[in-house]
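Student: What follows is a predicted protein model with its sequence.
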Amino acid sequence: MALASIIISAVSLLLSITVAVLTLFLRGRLCMTQPMLVGFLHEGAEPKVFFRAMLYTTGKRGWIIEALYLKVRTGGVSRTFSFWMYGETNDLKIGSGLRVGEEGVSFNHHFLPPKDSVVFAFPSGEYAIDVHATIVNRSAPISLCQVKLSLSDELAVALRDRSKGVLFTWQPDSQSYRGDVSEPPSIGRERSVSGAGGRLPWQVQ
């Protein structure tokens, strides 16, 4: 009987140690949900890519992101969008560190290319947008997500008017993005959720 009690106690202790290691000491993985909204916009004369998604971890310790950046690829051309801002429409912050825990954080994320980069004009075609994160105390960046979408000729023409944008909404049933033009704001209209101004495609006039 005493031996059985010792064995049960030893197993319970081992399980407790295992749970502690898995939940308290291991960081888990840094993950990102599928962005429900992706935008091709302009910030003045600069092209801007916007999305909203949740960042979260599979462990309790969490991660500290130093920076997020995008690799935008289309038609054999690749551009890096490395200037990062995040937050809500009226409270955007320059990305300079973000702690992500298991409860997750959901923000709007805005990306601009470097000032000295080659001009990028959002040509029509198929796009692959890779989201990368640089992490404190890690030498190599982490790949978080790849978004694939299509910019039609009609939408590309609309983007030549820099007061307009194109917003892509995720369609769970077809597992694809639908693009619509976001019109510039009329007098007295508030800015859109992207922080770029304009009427969202599903908003009523």
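Tutor: Received, thanks.

Student: where along the chain do the strands fall?
Tutor: Assignment of strands within the chain using DSSP state E yields the ranges 30-32, 37-43, 46-57, 63-74, 77-81, 83-88, 91-94, 98-100, 105-112, 125-135, 142-151, 165-171, 176-182.

Student: got a markdown table for those strands, with distance to Leu159, mean neighbour count and mean pLDDT too?
Tutor: Backbone N, C-alpha and C define where each C-beta goes, glycine included. Putting the strands of the chain into a markdown table (distance: least, Cβ to Cβ, whole Å; neighbours: other Cβ atoms under 10 Å; pLDDT from 0 to 100) gives the following:
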| stretch | distance to Leu159 | mean neighbour count | mean pLDDT |
| --- | --- | --- | --- |
| strand 30-32 | 25 | 19 | 91 |
| strand 37-43 | 6 | 21 | 93 |
| strand 46-57 | 9 | 21 | 93 |
| strand 63-74 | 13 | 19 | 94 |
| strand 77-81 | 15 | 15 | 93 |
| strand 83-88 | 19 | 18 | 90 |
| strand 91-94 | 22 | 12 | 83 |
| strand 98-100 | 29 | 17 | 89 |
| strand 105-112 | 15 | 20 | 93 |
| strand 125-135 | 12 | 17 | 96 |
| strand 142-151 | 8 | 16 | 95 |
| strand 165-171 | 6 | 21 | 94 |
| strand 176-182 | 8 | 17 | 93 |
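
Student: Name the nearest residue to Ala156, sequence neighbours excluded.
Tutor: The spatially closest residue to Ala156, leaving aside those adjacent along the chain, is Ser124, at 3.8 Å (Cβ to Cβ, 6 or more residues apart in numbering).

Student: can you tell me which residues contact the one you found?
Tutor: The neighbours of Ser124, taking Cβ atoms under 8 Å, 6 or more residues apart in numbering as the test, are Leu151, Ser152, Asp153, Leu155, Ala156.

Student: And the second one, how far from Gln175?
Tutor: Put plainly, it is Ser152. Ser152 sits 18 Å away from Gln175 when distances are taken as Cβ to Cβ, to the nearest Å.

Student: Please say which of the two ends up with more neighbours.
Tutor: The neighbour comparison of Ser152 against Gln175 (other Cβ atoms under 10 Å) goes to Ser152, with 12 against 8.

Student: any idea how far Leu68 is from Trp84?
Tutor: Counting by Cβ to Cβ, the separation of Trp84 from Leu68 is 5 Å.

Student: Which residues are in contact with each of these two?
Tutor: Taking Cβ under 8 Å, 6+ apart as the contact criterion, the common neighbours of Trp84 and Leu68 are Gly95, His109, Phe111.

Student: quick check, nearest of those residues to Val136?
Tutor: Comparing the shared contacts of Trp84 and Leu68 against Val136 with Cβ to Cβ places Gly95 closest, at 13.3 Å.

Student: Got phi/psi on the closest one?
Tutor: Gly95 adopts backbone torsions of phi -70, psi 110, taken as degrees, to the nearest 10.

Student: For it, which non-adjacent residue is closest in space?
Tutor: Counting by Cβ to Cβ, 6+ apart, Gly95 lies nearest to Trp84, which is 3.5 Å off, once chain neighbours are set aside.
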